[in-house]
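Asks: Need a 3D model of the sequence below.
(chains A, B, C and D)
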There are 2 protein chains.
Amino acid sequence: MKLEDAKKQFIAAWGSFGSNWGINRTMAQIHALLLVSHEPLSADDVMKQLAISRGNVNMNLRELIDWTLVDRVIITGERKEFFTAEKDIWKVARIIVKERKKRELEPMLKFLDTVIEVDGDRNDKANKTFTEAISNIKKFSLQADKTLDTIIKADENWFVGTLLKLFK
Amino acid sequence: MKLEDAKKQFIAAWGSFGSNWGINRTMAQIHALLLVSHEPLSADDVMKQLAISRGNVNMNLRELIDWTLVDRVIITGERKEFFTAEKDIWKVARIIVKERKKRELEPMLKFLDTVIEVDGDRNDKANKTFTEAISNIKKFSLQADKTLDTIIKADENWFVGTLLKLFK
DNA sequence: TTTTATTTTCAATATTTTTTGAAAGTTTAA
DNA sequence: TTAAACTTTCAAAAAATATTGAAAATAAAA
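Replies: I've put the predicted structure just below:
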């Protein structure tokens, strides 16, 4: 396969993959493009290569920077800004885990506390079912929170080495 | 807080939470409703409690059954079908992991193989960046695939006991 | 059988999300 | 300063996704 075709296909695939992961299609495509580019790209480069508007590029690049998946790069002699993506896929995974934990799991944990105490008879069946469900979800979420923290802190070697030996 | 209010809030929260997880809002809300109901509900019950149409309830219940998050229940003397949700949150998590692995990770792995070989000079910088990116993603995905398999097979005790001790 | 209850389907509609592009804003160089 | 290069914003338009509801299909009861 030709490099350019392979790139295009990869960008399309990463785009639809990303949209399952809280990252919109264009954002994931820009990320993919930068992942497989050997040099930093400008907003104009991204516009041209993905055939999308300037506004769209700008918004999604900002979002990628916000997620810390993409960095601005200064190139001496150039007036434009350039952008480059984190290439280490383990780091990428850890960043995504971290961001999603912050955006989803942590708010959920806070919410569960507000809803765990309900009025009325503690032994009423309806009450009990609800309280138990919430408390189990809370336990699970706390567990997940801790585990994810460890994964976020871990480095590749730790993960492959220790965890995987255990899993085999 | 009153039980009914707490339920409503939980259903809303689970709905928006779920939509980050490849499960659409209504599907997640139906799941939430069944999670906190102490007895199986009929399609009419769900329609009334969530104020959504029959078609919508039917489609999303079918999808939940397809994910194996919800079961049909026969109640003797009743003509209608009733529905109940898996209450064990660890099982729920394992089911979701399993389904998403099947729907997302496995297709990605297949795809990566189709794109890993590119024509031309192996030492060309552009070629190298691309091939390395793909091969790193592949390594990572294989790793994730294995790890997720183990998690899917594991039971709660194994997870909390062995894995967590390790993580602490 | 026929009737009635219930479930399923799906075209039309509504809603949500994404994208565009031009105007406003900002930065740098002359 | 002013002008040119570049970035950001955001209302309007387009695209994608979810929902409705009534008709068709199916299943159970009479």
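Asks: The nearest residue to A:Asp145 once chain neighbours are set aside: how many residues sit nearby?
Replies: Of all residues beyond its chain neighbours, the one nearest A:Asp145 is A:Leu105 (5.8 Å), with distances taken as CB to CB, 6 or more residues apart in numbering or on different chains. C-betas here are computed from N, CA, C, even on glycine. A:Leu105 has 18 neighbours, counted by other CB atoms under 10 Å in any protein chain shown.
Asks: residue contacts, A:Leu105?
Replies: A:Ser141, A:Ala144, A:Asp145, A:Leu148 (CB atoms under 8 Å, 6 or more residues apart in numbering or on different chains).
Asks: at 10 Å what do you get?
Replies: With contact set as CB atoms under 10 Å, 6 or more residues apart in numbering or on different chains, A:Leu105 has these partners: A:Val97, A:Ser141, A:Leu142, A:Ala144, A:Asp145, A:Leu148, B:Phe17, B:Asn20.
Asks: Determine which two of these are furthest apart.
Replies: Based on CB to CB, the longest span within the contacts of A:Leu105 runs between A:Leu142 and B:Asn20 and measures 18.7 Å.
Asks: most centrally placed residue in chain A?
Replies: In chain A, the centroid-proximal residue (CA atoms, centre = their mean) is A:Ile96; its distance is 2.7 Å.
Asks: Take the contacts of A:Leu105 and keep only those in helices.
Replies: The members of the contacts of A:Leu105 that map onto helices under DSSP state H are A:Val97, A:Ser141, A:Leu142, A:Ala144, A:Asp145, A:Leu148, B:Phe17.
Asks: Weed out the non-buried ones from these.
Replies: A:Ser141, A:Leu148, B:Phe17 (16 or more other CB atoms under 10 Å in any protein chain shown).
Asks: any idea how far DNA strand C is from the first one?
Replies: In this case it means A:Ser141. 23 Å (CB to the nearest atom of the strand, to the nearest Å).
Asks: distance of A:Arg25 from A:Ile65?
Replies: Distance check for A:Arg25 against A:Ile65: by CB to CB, to the nearest Å, it reads 18 Å.
Asks: related to what we said a few turns ago, and for the residue nearest to the centre of chain A, nearest residue in space, chain neighbours not counted?
Replies: Using CB to CB, 6+ apart, the closest residue to A:Ile96 is A:Trp21 (6.8 Å).
Asks: which ones are touching that neighbour?
Replies: Per CB under 10 Å, 6+ apart, neighbours of A:Trp21: A:Ala28, A:Ile96, A:Arg100, B:Asn20, B:Trp21, B:Gly22, B:Arg100, B:Glu104.
Asks: 8 Å instead, please
Replies: A:Ala28, A:Ile96, A:Arg100.
Asks: could you pull out the strands for chain A?
Replies: A:41-42, A:70-73, A:82-85 (DSSP state E).
Asks: What lies in contact with the shortest one?
Replies: The one in question is strand A:41-42. By CB under 8 Å, 6+ apart, the residues outside strand A:41-42 that reach it are A:Leu33, A:Leu34, A:Gln49, A:Glu78, A:Lys80, A:Glu81, A:Phe82, A:Phe83, A:Thr84.
Asks: Just confirm yes or no for that strand near DNA strand C.
Replies: No - against DNA strand C, strand A:41-42 shows no contacts by CB under 7 Å from any atom of the strand, the least distance being 14.4 Å.
Asks: Partner strands of that strand and their direction?
Replies: strand A:82-85 (antiparallel) (DSSP bridges).
Asks: then the strand it pairs with to CSV, C-alphas only?
Replies: What follows is strand A:82-85, C-alpha atoms only, in CSV (Å, rounded to 0.1, in the frame of the first residue of the first chain):
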residue,chain,number,x,y,z
PHE,A,82,2.9,24.6,14.4
PHE,A,83,1.5,21.5,16.1
THR,A,84,2.8,18.1,17.0
ALA,A,85,1.2,15.1,18.8
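Asks: Listing request: residues of chain A with sub-threshold pLDDT.
Replies: For chain A, the stretches flagged by pLDDT under 70 are A:156-168.
Asks: what does it have sitting close to DNA strand C?
Replies: A:19, A:24-26, A:51-56, A:59-60, A:79.
Asks: Which of those ranks first by neighbour count?
Replies: Most surrounded of the residues of chain A next to DNA strand C: other CB under 10 Å gives A:Asn60, at 23 neighbours.
Asks: Tell me the spacing between that residue and A:Leu105.
Replies: 24 Å.
Asks: Please apply the same query to A:Ile23.
Replies: Counting by CB to CB, the gap from A:Ile23 to A:Leu105 is 17 Å.
Asks: Could you do A:Asn56 as well?
Replies: To A:Leu105, A:Asn56 is 29 Å away according to CB to CB.
Asks: which residues touch A:Ser53?
Replies: By CB under 8 Å, 6+ apart, the residues touching A:Ser53 are A:Met47.
Asks: if I look at it, how far off is A:Leu64?
Replies: 16 Å.
Asks: Over to A:Leu34?
Replies: 8 Å.
Asks: Now do the shared contacts for the two.
Replies: A:Val70, A:Phe83, A:Ala85.
Asks: What about the residues of chain A next to DNA strand C, which are in helices?
Replies: Per DSSP H, those map to helices at A:Arg25, A:Thr26, A:Arg54, A:Gly55, A:Asn56, A:Met59, A:Asn60.
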